[in-house]
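# how would this look folded up:
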Amino acid sequence: MISENDKIKTNSLSAWVLAARPKTLTGAMVPVMIGTGWAWKLSGGENFRVVPAILCFLFAFLMQIDSNFINDYFDCLKGNDDRATRLGPKRACSEGWITLPAMRIGLVITSLLASLVGIPLIFFGGWEMILVGVACVLFAFLYTTYFSYLGLGDVLVLVFFGIVPVVFTTYVILPDHSQALCFEVIMSGVICGLVIDTLLVVNNYRDRENDKRDGKMTLIVRIGEKKAEKLYLALGLMTYLQMLLLLFSGERDNLLPFIFVFIIFIPYGILHYKTAMQMKQIKKGKELNIILAQTARNMLIYGIATTIAIIGS
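Below you'll find the model as predicted:
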């Protein structure tokens, strides 16, 4: 495994792997998993189209990497990744692992690759998929360059890591697109976005002092430390709304799905609560990167649990 403490050659493969931030791919994978689960459930396993499901996963991964490259490049330009004060994991451009001209080429290539992967989805979801793809690419740029400075990053997470991937993954997999626009799928997208926002919350909680200094008015800078801790805990517990949604939309005359759904969400709830308490105890500094890793782990567990619960409920 490549470590950030290893000697990294400029513009080497190792540098690009680190710049891609493989650990963040959890956030891209989870909503597509949930959308795939809904497509399987609503189709009853019949007419489930595998090709668009694979394309959705590939598009999500490429867009996440693209977003990471964009973030790395523009934060370096603005001086937000100052090596002396940075608390988070090291960034490729600011560390000199990747030159700015090379990163410009890299983010153009990943944007084009994501677009090429997304184009075939037109044949499964219709021409409206072009608008969805353009919005994903556009807001990947606008997040780093504009919205994150206004404290609207959390809104974009809700939309582009929740509602859009969950609903449109279900949409393109099912031949009958109208099934994807039901209340249960849309609400699952909302809940997914809120849970995934825990990753952004802990990231901004760690960086709150540096962000305030740099004029980056994230939601955490605006609401302060104490409310941020409560928000982190509350967002993670949104997964229990998912549990209730599944319970009340399922077969009410059979207790087994109720018991199954309830039990499967317990591990995530316990882990998230423990992580929230640890974050509150650490408060500040580089130690909060442990919370970042634990949050990514918790999110993956949430995604797996939710997908299994949807299929099995």
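# does Leu87 count as helix, strand or coil?
Judged by DSSP: H, G, I helix; E, B strand; the rest coil, the three-state class of Leu87 is coil.
# What is the burial count for it?
Counted with other C-beta atoms under 10 Å, the neighbours of Leu87 add up to 16. Every residue, glycine included, has its C-beta placed from N, CA and C.
# Repeat that for Ile290.
13.
# got it, and Ile266?
The tally of other residues near Ile266 (other C-beta under 10 Å) stands at 12.
# need the contact list for the closest residue to Ser43 other than its chain neighbours.
Among residues not flanking Ser43 along the chain, Leu174 sits closest, at 5.9 Å (C-beta to C-beta, 6 or more residues apart in numbering). Counting by C-beta atoms under 8 Å, 6 or more residues apart in numbering, Leu174 makes contact with 39, 42-43, 47-49, 180.
# how near is Leu174 to Ile130?
Distance, Leu174 to Ile130, using C-beta to C-beta, to the nearest Å: 19 Å.
# Then Asp214?
Asp214 is 36 Å from Ile130, by C-beta to C-beta.
# With Thr218 instead?
According to C-beta to C-beta, Thr218 and Ile130 sit 31 Å apart.
# Mind checking which of the two has more residues around it?
Neighbour comparison, Thr218 and Ile130: the larger count goes to Thr218, with 24 against 15 (by other C-beta under 10 Å).
# now that one, nearest residue through space, not along the chain?
Asn204 (4.4 Å).
# What's the local residue count around Tyr273?
Using other C-beta under 10 Å, Tyr273 has 14 other residues around it.
# Help me confirm that Tyr143 comes into contact with Ser67.
Yes - between Tyr143 and Ser67 there is a contact at 6.9 Å, judged by C-beta atoms under 8 Å.
# which one of those two has more residues nearby?
Comparing Tyr143 with Ser67 by other C-beta under 10 Å, the one with more neighbours is Ser67, at 25 against 21.
# Quick check, Asn298 in contact with Tyr273.
No - using C-beta under 8 Å, Asn298 is not in contact with Tyr273, being 9.9 Å away.
# CA-only coordinates of the worst-scoring helix or strand of the chain on mean pLDDT in PDB, if you can.
Every helix and strand in the chain was compared by mean pLDDT, DSSP states H and E; the lowest is helix 239-249, with a mean of 76. Below are the C-alpha coordinates for helix 239-249, written out as PDB (Å, rounded to 0.1, in the frame of the first residue of the first chain):
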ATOM      1  CA  THR A 239     -30.300   6.000   8.900                       C
ATOM      2  CA  TYR A 240     -33.000   4.900  11.400                       C
ATOM      3  CA  LEU A 241     -35.500   7.000   9.300                       C
ATOM      4  CA  GLN A 242     -34.400   4.600   6.500                       C
ATOM      5  CA  MET A 243     -35.300   1.700   8.700                       C
ATOM      6  CA  LEU A 244     -38.700   3.100   9.500                       C
ATOM      7  CA  LEU A 245     -39.300   3.900   5.900                       C
ATOM      8  CA  LEU A 246     -38.700   0.200   5.000                       C
ATOM      9  CA  LEU A 247     -40.700  -1.100   7.800                       C
ATOM     10  CA  PHE A 248     -43.800   0.900   7.000                       C
ATOM     11  CA  SER A 249     -43.600   0.300   3.300                       C
END
